[in-house]
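# Here's my sequence, what's the structure:
(one chain, ligands or ions: 1)
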Amino acid sequence: MYPAPIESLQSPTTINEVLRQLTELRGITREGRDLRIGAMTRYVDAASAPELQGGAFAAIADAARLVGDRQVRNRGTIGGSLCWNYVAACTPVAALATEATLILSSLDSAGMVQSRSVVIDDFLTGPMETAREPNELLRTVLLPGSAERSGSAYQKWGLSTATLPVIGIGIRLWVDDQDVCKTAHVAVGGLANGSQRLTAAERMLPGRKMPMRKSPKPFGRPARPSISRATAGPLPTIAAS
Ligand SMILES: Cc1cc2nc3c(=O)[nH]c(=O)nc-3n(C[C@H](O)[C@H](O)[C@H](O)COP(=O)(O)OP(=O)(O)OC[C@H]3O[C@@H](n4cnc5c(N)ncnc54)[C@H](O)[C@@H]3O)c2cc1C
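Numbers count the residues shown, from 1 in each chain. Got it, this is the predicted structure:
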């Protein structure tokens, strides 16, 4: 993150700098209900991507929007954050909540491209450790959609808005027509043993009516509705709290 961006873009000196310039590793595309995010998609682009606003994938946009400061968001990437897997990083938590699957590629001894899929729970193996082999490139982050009503959110809390959080929470909920939770995916970051699912919370939420309430205002941000009114189709953003 620290090299001067303009210099490094003008004369790339590392593999990461080269990867950032490959357009096929960037961008967000919809595939039916699912989303495909190129690993080198920058936070600034994910934060404003129409495909990630509200509903099932909003946690990813929330995380991207809350990372660091403007310079960091202009440079950092969704894939870089997942491969780095720092204990308090925002993207791993949002990816756990949204059930991401990662596509990794490598070259075999014959020079052929081999790819494999790893679900995020298996990819994040511990603090700053992942299941990525040294010769593998993270190409794509796949996010599964849903025919059912679902919404997601990520929120971070810390000493400053412009740096890594003390704690971050990501959540995705599926609700029925009465706003009763059917299934929940909840994840937390900032613990010493790394980003992880909060299975106790996931067991507690199903069967509960999701309240219509305002979220707290971390960092003085305006409160957002915590969950949408019962309307057909996907839910807009909910705020993890
Ligand atoms: C001031 C500051 C504030 C920050 N605040 C936050 C914050 O609030 N929340 C947060 O989550 N993070 C924060 N960060 C971290 C930052 O946002 C980046 O997400 C993180 O450093 C990853 O950066 P990057 O995308 O440039 O990846 P890099 O630093 O380029 O890469 C990280 C690692 O992953 C590997 N890698 C990268 N891409 C791939 C790929 N496609 N395939 C295989 N391996 C790959 C690299 O080789 C490297 O080992 C902050 C950083 C700074 C400097």
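# Quick one: residues contacting the nearest residue to residue 118 once chain neighbours are set aside.
Spatial nearest neighbour of residue 118, excluding adjacent residues (C-beta to C-beta, 6 or more residues apart in numbering): residue 102 at 5.1 Å. In this view, the C-beta of every residue, glycine as well, is placed from N, C-alpha and C. Taking C-beta atoms under 8 Å, 6 or more residues apart in numbering, we find residue 102 in contact with 82, 117, 118, 119, 120, 123, 138, 140, 141, 142.
# cutoff 10 Å now
Residue 102 makes contact with 39, 79, 82-83, 95, 116-120, 122-124, 130-132, 136, 138-142 under the criterion C-beta atoms under 10 Å, 6 or more residues apart in numbering.
# Can you give me the buried ones in the helix or strand encompassing it?
Assignment of secondary structure by DSSP states H and E places residue 102 within strand 101-107. Buried residues in strand 101-107, counted by 16 or more other C-beta atoms under 10 Å: 101, 102, 103, 104.
# Quick check: bridge partners of the third one?
Taking DSSP bridges, one obtains residue 117, residue 140 as the residues bridged to residue 103.
# Spit out the contact partners of it.
Residue 103 touches 36, 39, 115, 116, 117, 118, 137, 138, 139, 140, 141, 142, counting by C-beta under 10 Å, 6+ apart.
# gap between it and the ligand?
Distance from residue 103 to the ligand, counting by C-beta to the nearest ligand atom, to the nearest Å: 10 Å.
# for the ligand, what are the nearby residues on the chain?
Residues of the chain lying near the ligand by C-beta under 6 Å from any ligand atom: 1, 16, 19, 39-40, 67-68, 72, 75-77, 79-81, 83-84, 89-91, 137-138, 163-165.
# change it to 5 Å
Proximity of the chain to the ligand, by C-beta under 5 Å from any ligand atom, involves residues 1, 16, 39, 67-68, 72, 76-77, 79-81, 83-84, 89-90, 137-138, 163-164.
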